[in-house]
Each structure stands twice: as structure tokens, then as C-alpha cells.
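Peer 1: I would like to see how this sequence folds:
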Amino acid sequence: PKATMAFSGKYEFEGDENYDAFVQKIGLPSDKVEMGRNCKIVTEVVQNGNDFTWTQHFPGGRTTTNTFTVGKEADMETMGGKKFKATVKMEDGKLVADFPNYRHTSEICGGKLVETSTSSGVVYKRTSKKIA
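Peer 2: All right, here's what the predicted structure looks like:
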């Protein structure tokens, strides 16, 4: 049996922990910090086996889309808009990606999308509820 979790769906930001400490740690510019605080981001995930399209819709119409295949290097974009290459892995049903200055994991937990980013010991956790 495949150990892949069903990530497909639309999720709306519900809450986060440690936002300020984390964005300070990764050096996010202050205008981006304000934009992202308590931001009602809607995350849309389309999963087809190991292929993912991961889109974040920001209020005001801006979107960021990362398309990747588990285990293969892909071009990605950070929350600050930087482009980089990363290989997303599946570990214990979680998607794990090493961003330039943080490690990001995503999992479905009790029907919610839980994303955790860790940078030098600072852990930022974002929870989104499923809306579609």
C-alpha cells in the first residue's frame, strides 16, 4: 500500500505560532512581515500520486505556485519570493522540503493542513482548516 496521504483540497489559514520570531530569524523584509501576519492565505493543493501543485492565494489577488514531484528536484519560491531549487521528500506521511534558510514540513492532521517551518531552533507552525 502507498503511504502517501491525501493532501488535495483547499485550506484557509486558521492560526499560527511563533510568526514574528521566525520571520525575524529568516530575515523577511518588514513590508512582507506585515503582509503575512494573520494573513487569510488560502492554500490549494492538487495531488496526483507523487506530483503536487501547491498554490497559495493571498488576499489582494497575489498567488504563489510551487509544482513538484516527491523525490525530484524542482524550482520553488519562498514566502519572501526568492527562487531556489529543492527536492521534496515524503517522510512518515509528511512532505519535507529544505528551503534556503529553513526546513518546511506539511502534513494533514485531523483534516487540517499543518505546516511547520524550522530555522535555527525557531519553530513556526501554521494551521489551515479545510474549506473544499
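
Peer 1: wait, what's in contact with the most centrally placed residue in the chain?
Peer 2: For the chain, the residue nearest the mean C-alpha position is residue 115 (5.7 Å; CA atoms, centre = their mean). Listed by CB atoms under 8 Å, 6 or more residues apart in numbering, the contact partners of residue 115 are 104-106, 125-128. (Glycine included, C-beta is placed from N, CA and C.)

Peer 1: wait, what's in contact with the residue nearest to residue 90 when sequence neighbours are not counted?
Peer 2: Ranked by CB to CB, 6 or more residues apart in numbering and with sequence neighbours excluded, the top spatial neighbour of residue 90 is residue 70, at 5.0 Å. Residue 70 makes contact with 4, 50, 52, 88-90, 95, according to CB under 8 Å, 6+ apart.

Peer 1: Likewise for residue 123?
Peer 2: 17-18, 22, 116-117.

Peer 1: per-residue confidence for it?
Peer 2: On the pLDDT scale, residue 123 is placed at 96.

Peer 1: Export the least confident helix or strand in the chain by mean pLDDT to PDB, keeping only CA atoms.
Peer 2: Sorting the helices and strands of the chain by mean pLDDT, DSSP states H and E puts helix 30-36 at the bottom, at a mean of 84. The C-alpha coordinates for helix 30-36 follow below in PDB (Å, rounded to 0.1, in the frame of the first residue of the first chain):
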ATOM      1  CA  SER A  30       9.300  44.300   7.200                       C
ATOM      2  CA  ASP A  31       6.700  45.000   4.500                       C
ATOM      3  CA  LYS A  32       6.400  41.300   3.800                       C
ATOM      4  CA  VAL A  33       6.200  40.600   7.600                       C
ATOM      5  CA  GLU A  34       3.100  42.900   8.000                       C
ATOM      6  CA  MET A  35       1.600  41.400   4.800                       C
ATOM      7  CA  GLY A  36       1.900  37.900   6.200                       C
END
